[in-house]
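A.B. asks: next one to model:
(2 chains)
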Amino acid sequence: MDNDVTGQLNEVDTPVITMREQKVRKRRNVFSYIALLPAALLVFGLMVFPIGETIYHSFTNWDGATSTFIGFENFRLIFSNPIISQVLVNSLIFLISVPLILAASLVTAVLVYEKVLGWRVFRFLFFIPMVLSPVIVGVLFSTIFLPGGAVDKLLSVFGLGQFSWLQYPWTARAVVILALVWTSFGFGMVVILSAMSTVDTALYDAAAIDGASWWRRLRSITIPMISGSLQFLSVINVIYTFTSLFAFVFTITAGGPGFSTTTVDYYTYITTFENGQFGYGAALALLLFLIVLTLTIAQVKLFPYREVQQGS
Amino acid sequence: MTSRISRTLVFVILCLIAVSTVYPLIFMALNSMRSSSAFELSPFGLPSHWNFSSYHSLFQEIPFAQSILHSFIVVVPAVILATFTSSLAAFVFTKVPIKLGNVMFWVMLMIMFMPGIVVLLPLYVEVAHTGLSNNFVPAILIYTAISIPYGTYLLRSNFRSIPDSVVEAARVDGASWIKVYWRVILPIGRPGVFTVAILTFLNIWNDLFISLVLLHASNTEMVTPTLAQLSGKYSTDVPVLMAGLLIGALPTLLLYFITARVFIRGMLSGAVR
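C.D. replies: Residues are numbered from 1 along each chain as shown, chains lettered A, B, ... in the order given. Coordinates of the predicted model:
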């Protein structure tokens, strides 16, 4: 808006511009619609419209070919299905990863911020897991956690024997959570680091003069100053726990043992693409969508977006 | 003195974490060159000699090279399409005032975090109905569509930093909007556009879900589903598995190694302070 000075001057200088101005306005409109068209067509045709279809079919009995309207029957089935409550509880359990990711990100960020020798190298290296596909991380984790695998061999140094990590619900969940934390903390660290770089160093100097301990400075200066980033990270990771565990679950546990590591999207995948219950799957997908949408809206309401300015 | 000790301690802890993020890559590389019997004995040994037989069997026994090719066939056009269309959309959202522009932008933001299965379920059925199962074109278009909201979001904040006066000046000189986009916005915003292309490549290359559902025939399968199924087939032949993981990770790893700075800054530009 600040840059409109030239535009205003033009209008004042040439009051008889109306015809040309109108033409320009019109062309501007035509251009903007044409320029938006490809993105809008793709997003509307391949995302918005399918959402509508999913909503419609969640009220039908649909095998992929024929569908008959059955009202809320799918949802009644969902809420009377004990597996679903198990699956939702699993998602809540996987939320344990969020404080773990935050803690790991904060610790690494604070350590890297000390600017020890080679801190740039550390920042570079900590980001590597983020670049790997969840499939690669998942297959790697499922390999090293096999009984007698690399982890067992490592633990045998402490005199521990073989253990079937993926055969017990809680250790299987722990492996999935570990995989998620390992891939996510690099991003969290980078976000926190960039927030810390905006904190006035004079604050730390003043605190140091007052004799504040390292821990005290962390608690009273750093954490309050970067609270926005911490909120952002927690919300984004809560959403990720619901939407992006599919590849980990698929490759590490296949949802097992039993349904103890099955997530909503993995269960939807099984019912839809392996059992062919498309209507029921649509209702499940809609349930997941509503959960995520609620979380997203809560995020926008609670923590209004403040986008990072360029050059940071 | 104490600061010296604490600095050393910090350094040691950082080294330990770095080992956890780097060692898996070394683990894959070393074990891919060992025999499976040597691996069974100890997963931490070194290869006795340069042994590429695992890579040989990876490419001979399963169509691994093809799966990499399929990934490129899908990912490259999708990245180009998504980057181009999102840059156009971001340009309109920031520089060309338009009715309902904000509403459209917020719709995009709302579906940015949408779980893929919500759209993939009906799309899978439609693709099957139109006889396009295991065809690359629907996969390319769906990957493009799913990448547009994030790309537009990143580029919008990027293009915003380009002063409006630059656009005004070009307009006063008689440049058409398309010219402004091509000659002014794209050159100035190149780092941002480049970043979006890199991140889109990463997201699509690494995705499992869409490729698993849409391209399931062996003559169209992409690399991530191939790797996911490899772990079942070769659970007893870990060296082959490790060779596959390493090659599957190589494109994104190389991209990251070459463009690390742009990469990290790009991921940050989507975050809030």
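
A.B. asks: the helix or strand where B:Leu9 lies near chain A at all?
C.D. replies: For B:Leu9, the host element (DSSP states H and E) is helix B:2-32. Yes: Helix B:2-32 comes into contact with chain A when judged by CB under 8 Å from any CB of the partner chain, the residues involved being B:6-7, B:10-11, B:13-14, B:17-18, B:20-22, B:24-25, B:27-28. Heads up, the C-betas are built off the backbone N, CA and C, glycines and all.

A.B. asks: average model confidence for the helix or strand that contains A:Pro99?
C.D. replies: Mapping A:Pro99 onto the secondary structure by DSSP H and E places it in helix A:97-113. In this model, helix A:97-113 carries a mean pLDDT of 90.

A.B. asks: ok, stretch B:228-240 next?
C.D. replies: With pLDDT averaged residue by residue, stretch B:228-240 scores 79.

A.B. asks: would you mind listing the buried residues in that stretch?
C.D. replies: Of all the residues in stretch B:228-240, those buried under the rule 16 or more other CB atoms under 10 Å in any protein chain shown are B:Ala228, B:Leu230, B:Ser231, B:Tyr234, B:Asp237, B:Val238, B:Pro239, B:Val240.

A.B. asks: repeat that for stretch A:131-151.
C.D. replies: Counting neighbours by 16+ other CB under 10 Å, stretch A:131-151 gives A:131-146, A:149-151 as buried.

A.B. asks: among these, which ones lie close to chain B?
C.D. replies: The subset of the buried residues of stretch A:131-151 within reach of chain B, counting by CB under 8 Å from any CB, consists of A:131-136, A:138-140, A:142-144, A:146, A:149-150.

A.B. asks: which other helices and strands contact the helix holding A:Pro99?
C.D. replies: If contacts are counted by 3 or more CB pairs under 8 Å, 6 or more residues apart in numbering or on different chains; DSSP states H and E, helix A:97-113 sits against helix A:119-126, helix A:169-196, helix A:227-243, helix B:2-32.

A.B. asks: which of those helices is buried the deepest?
C.D. replies: Stretch with highest mean neighbour count among those: helix A:169-196 (a mean of 22; mean count of other CB atoms under 10 Å in any protein chain shown).

A.B. asks: just the angle between that helix and helix A:119-126, please?
C.D. replies: 150 degrees (axes from the mean of the first three to the mean of the last three CA atoms, to 10 degrees).

A.B. asks: who's in contact with residue 222?
C.D. replies: Just going to use chain A. With contacts defined as CB atoms under 8 Å, 6 or more residues apart in numbering or on different chains, A:Thr222 is in contact with A:Val110, A:Met196, A:Val199.

A.B. asks: I was after chain B.
C.D. replies: The contact partners of B:Met222, by CB under 8 Å, 6+ apart, come to B:Ser67, B:His70, B:Ser71, B:Val74, B:Ser211, B:Leu215.

A.B. asks: what's the burial count for the third one?
C.D. replies: It refers to B:Ser71. Other residues within reach of B:Ser71, judged by other CB atoms under 10 Å in any protein chain shown, total 23.

A.B. asks: test my guess that it contacts B:Trp205.
C.D. replies: Yes: in terms of CB atoms under 8 Å, B:Ser71 counts as a neighbour of B:Trp205; the distance is 6.3 Å.

A.B. asks: please name the nearest non-neighbouring residue to the most centrally placed residue in chain B.
C.D. replies: Most central residue of chain B, judged by C-alpha distance to the mean C-alpha position with CA atoms, centre = their mean, is B:Leu202 at 1.0 Å. On the basis of CB to CB, 6 or more residues apart in numbering or on different chains, the spatially nearest residue to B:Leu202 that is not a chain neighbour turns out to be B:Thr252, at 5.4 Å.

A.B. asks: any chance you could list what contacts stretch A:70-84?
C.D. replies: Judged by CB under 8 Å, 6+ apart, the contacts made with stretch A:70-84 from elsewhere in the structure are A:58-61, A:259, A:262, A:267, A:279-280, A:282-284, A:287.

A.B. asks: strands - which of the residues you listed land there?
C.D. replies: By the criterion of DSSP state E, membership of these in strands covers A:Thr60, A:Asn61.

A.B. asks: which of the contacts of stretch A:70-84 has the largest number of neighbours?
C.D. replies: Among these, where neighbours are counted by other CB under 10 Å, the top count belongs to A:Leu284, at 31 neighbours.

A.B. asks: now that one: closest residue in space, sequence neighbours ignored.
C.D. replies: Computed as CB to CB, 6+ apart, the closest residue to A:Leu284 that is not its neighbour in sequence is A:Thr268, at 4.3 Å.

A.B. asks: how far away is the one you found from A:Tyr240?
C.D. replies: Using CB to CB, to the nearest Å, one gets 17 Å for the distance from A:Thr268 to A:Tyr240.

A.B. asks: what about residue 247, how many residues close to it?
C.D. replies: As the question left the chain open, I've gone with chain A. With other CB under 10 Å as criterion, A:Ala247 counts 25.

A.B. asks: wrong chain, I was asking about chain B
C.D. replies: 20.

A.B. asks: that one contacts B:Phe64, doesn't it?
C.D. replies: Yes: under the criterion of CB under 8 Å, B:Ile247 makes contact with B:Phe64 at 7.4 Å.

A.B. asks: list the ones among the buried residues of stretch A:131-151 that fall in helices.
C.D. replies: Among the buried residues of stretch A:131-151, the members found in helices (DSSP state H) are A:131, A:134-144, A:150-151.

A.B. asks: any chance of these in TSV with pLDDT as columns?
C.D. replies: As requested, those are arranged in TSV below (pLDDT from 0 to 100):
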residue	pLDDT
A:Val131	91
A:Pro134	94
A:Val135	94
A:Ile136	94
A:Val137	94
A:Gly138	93
A:Val139	92
A:Leu140	92
A:Phe141	92
A:Ser142	89
A:Thr143	88
A:Ile144	88
A:Ala150	81
A:Val151	83
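
A.B. asks: list just the nearest of those residues to B:Val184.
C.D. replies: A:Val131 (32.6 Å; CB to CB).

A.B. asks: which SSE is the closest residue to that closest one other than its chain neighbours in?
C.D. replies: Counting by CB to CB, 6+ apart, the nearest residue to A:Val131 once its immediate chain neighbours are dropped is B:Tyr256, at 4.4 Å. Here B:Tyr256 is covered by helix B:238-269, with elements defined by DSSP H and E.
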